[in-house]
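Visitor: need a structure here:
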Amino acid sequence: MVRNKAHQGGIIIIFSLILACILMLIPLPDSIRLYRPEFVLLTLIYWAMALPQRVGIGIAWIVGLLMDLIMGGTLGVIAFAYALTIYFVLLFHLQLRQYPMWQQAISIFSLTLLVQIFLIVTGLHPAHWSFWVPAVISMFLWPVVYILLRGVRRTFHIS
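Guide: Predicted structure coming up:
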């Protein structure tokens, strides 16, 4: 039986996004909870950069709605923030893919900071001096996430 190449690896992409959601749910002490990297956003950004025809604004919106439900915030806030971020990734995905890893990490910092600021403006996160810390941690975590997900994509021949 011949497998349809258009749907190859869809389950792996969904599984990686579910795993990222689970990482966001791991309980942390209150003192370090605000420093959690944006695992879901990093995963969405990777798949949008690597496979823009498969992971786009609609997927980001659905995952964002799921995160809204999981986190118990106002419905649509995280969804809009993720969709907006993925819009920018899709707009510049060809350039982002050509950047060296350190420039990609700086772009990740900017995109994650955009989401953090949006969540503060909408009242989902408290306005605190440490609002930029998840963006910095996500920036430093980007090379690890990139290498891991690229390995998964190559191992399972996701295209």
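
Visitor: got phi/psi on residue 54?
Guide: The phi and psi values for residue 54, taken as degrees, to the nearest 10, are phi -110, psi -40.

Visitor: could you check the pLDDT of it?
Guide: On pLDDT, residue 54 comes in at 95.

Visitor: list the buried residues in the element among helices and strands of the chain having the smallest mean pLDDT.
Guide: Using mean pLDDT, DSSP states H and E, helix 30-33 stands out as the lowest-scoring helix or strand of the chain, at a mean of 83. By 16 or more other Cβ atoms under 10 Å, helix 30-33 has no buried positions at all. To be clear about C-beta, it is placed using only N, CA and C from the backbone, and glycine gets the same treatment.

Visitor: cool, and stretch 18-27?
Guide: 20-21, 24.

Visitor: now do it: everything it contacts.
Guide: 36, 38-40, 42-43, 63, 66-67, 70-71 (Cβ atoms under 8 Å, 6 or more residues apart in numbering).

Visitor: could you pick out the buried ones from these?
Guide: For those, buried by 16+ other Cβ under 10 Å: 38-40, 42-43, 63, 66-67.

Visitor: and which of those is nearest to residue 102?
Guide: Nearest to residue 102, judged by Cβ to Cβ, of the buried ones among the contacts of stretch 18-27 is residue 42 at 15.9 Å.
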